[in-house]
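Colleague: Starting from these lines, generate the structure:
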Amino acid sequence: MTPGRGRNGPAGTGRTPVLMAGEGETAVLFVTGRRVRPAMVRSLYGAFPVFRAEFDTGCRALDVRLPLPLAAAVFAPERGADAGLLDRTDFGRAALFAYQVALYRTWQDWGVRIGAVAGAGPGALAAAHVVGDLGLQKAARNIVMSRLGPGRDDAEGLSALRAAGFRRVLACGPGPQENAETAGSVGEVPVLLADMARLQLSGSRVDWEGLWWARHRAEVHALLRRVLEAA
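Modeller: Have a look, this model is predicted:
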């Protein structure tokens, strides 16, 4: 089955659609109904370059459709006035979309082999975007402008992915119990990796620390090669 093609048919059928993303054995569920916390965004943004680049890309597409830049909300102090913007439907959905896409691309960069994705409500737009079925500009417009309902719940999406043959499923989005402490501070990679472990919904455990260190070592080796070649 080619990437992007739904295994369970188009949205609107009796089950949350499963979109094929590659040849991997891990599936990703884009969760719905969770609020992005500014502290966690700052932590991921400061620690992981791929997350930062992808989040910035998403913000640029979304900003032209919002009354204020999305960064004003997601980088606001935890109890600042602008942080309350995330309680609005337009800012809340926009922040979740940018967060989910950036987190998904980060996992890909670390070598997580993802075979399928699914999502409910606004999460379905993020799922369609990451597999190439929906361009960024159209996805951003639909996230902000469309009257999207909550869609089917996450439990149904998990069941659809399991029915499609995927035992290992990751939840892409804020953790269900994130708080200022679990968000950690910028650069506290072990804390952030521990938070990612809490996003696993089923299947054999992902070695997040091993994946990150493997990616980090590759960058260090590449830097050393460039230094030696220039010597």
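Colleague: what's the weakest-modelled helix or strand in this protein?
Modeller: Least confident helix or strand, the chain: helix 180-183 with a mean of 48, by mean pLDDT, DSSP states H and E.
Colleague: Next, count neighbours for Asp153.
Modeller: 15 (other Cβ atoms under 10 Å). C-betas here are computed from N, CA, C, even on glycine.
Colleague: ok, back up a step: toward the C-terminus, what is the element adjacent to the least confident helix or strand of the chain?
Modeller: Under the assignment DSSP states H and E, the closest C-terminal helix or strand after helix 180-183 is helix 189-197.
Colleague: For the chain, give me the ranges with low pLDDT.
Modeller: Applying pLDDT under 70 to the chain flags residues 1-15, 147-152, 176-187, 219-221, 223-224, 231.
Colleague: Summarise which helices and strands the longest helix anywhere in the chain is packed against.
Modeller: In the chain, taking DSSP state H as the definition, the longest helix is helix 208-230. With contacts taken as 3 or more Cβ pairs under 8 Å, 6 or more residues apart in numbering; DSSP states H and E, helix 208-230 sits against helix 189-197.
Colleague: Return the helix it packs on as CSV; C-alpha atoms alone will do.
Modeller: Coordinates of each C-alpha in helix 189-197 appear next as CSV, following Å, rounded to 0.1, in the frame of the first residue of the first chain:
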residue,chain,number,x,y,z
VAL,A,189,17.1,16.1,27.4
PRO,A,190,16.7,13.1,29.8
VAL,A,191,13.6,14.7,31.2
LEU,A,192,12.1,15.3,27.8
LEU,A,193,12.9,11.7,26.7
ALA,A,194,11.2,10.4,29.8
ASP,A,195,8.1,12.5,28.9
MET,A,196,8.1,10.9,25.4
ALA,A,197,8.0,7.5,27.0
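Colleague: Would you mark the buried spots in the helix or strand that it is followed by?
Modeller: For helix 189-197, the following helix or strand on the C-terminal side (DSSP H and E) is strand 200-202. Buried residues in strand 200-202, counting neighbours by 16 or more other Cβ atoms under 10 Å, are found at Gln200, Leu201.
Colleague: quick one: strands adjacent to strand 200-202?
Modeller: strand 168-172 (antiparallel) (DSSP bridges).
Colleague: Just read off the phi/psi values of Val28.
Modeller: phi -120, psi 130 (degrees, to the nearest 10).
Colleague: Near it, how many residues? Count them for me, please.
Modeller: Using other Cβ under 10 Å, Val28 has 33 neighbouring residues.
Colleague: Bridged to it, which residues?
Modeller: Counting by DSSP bridges, Val28 is bridged to Val117, Leu170.
Colleague: Now for the residue nearest in space to the middle of the chain: which residues touch it?
Modeller: Geometric centre of the chain, nearest residue: Gln100, 2.2 Å, by Cα atoms, centre = their mean. The contact partners of Gln100, taken as Cβ atoms under 8 Å, 6 or more residues apart in numbering, are Phe30, Gly123, Ala126, Cys172, Gly173.
Colleague: make it 10 Å
Modeller: 28, 30-32, 34, 36, 58, 119, 122-123, 125-127, 129-130, 171-174 (Cβ atoms under 10 Å, 6 or more residues apart in numbering).
Colleague: now the helices for the chain?
Modeller: Under DSSP H, the chain gives helices at 38-47, 49-63, 70-74, 89-109, 122-130, 136-145, 154-163, 180-183, 189-197, 208-230.
Colleague: Go through the ones you listed and pick out the most buried.
Modeller: helix 122-130 (a mean of 27; mean count of other Cβ atoms under 10 Å).
Colleague: from the chain's centre, how far out does it sit?
Modeller: Chain-centre distance of helix 122-130: 10 Å, with Cα atoms, centre = their mean, to the nearest Å.
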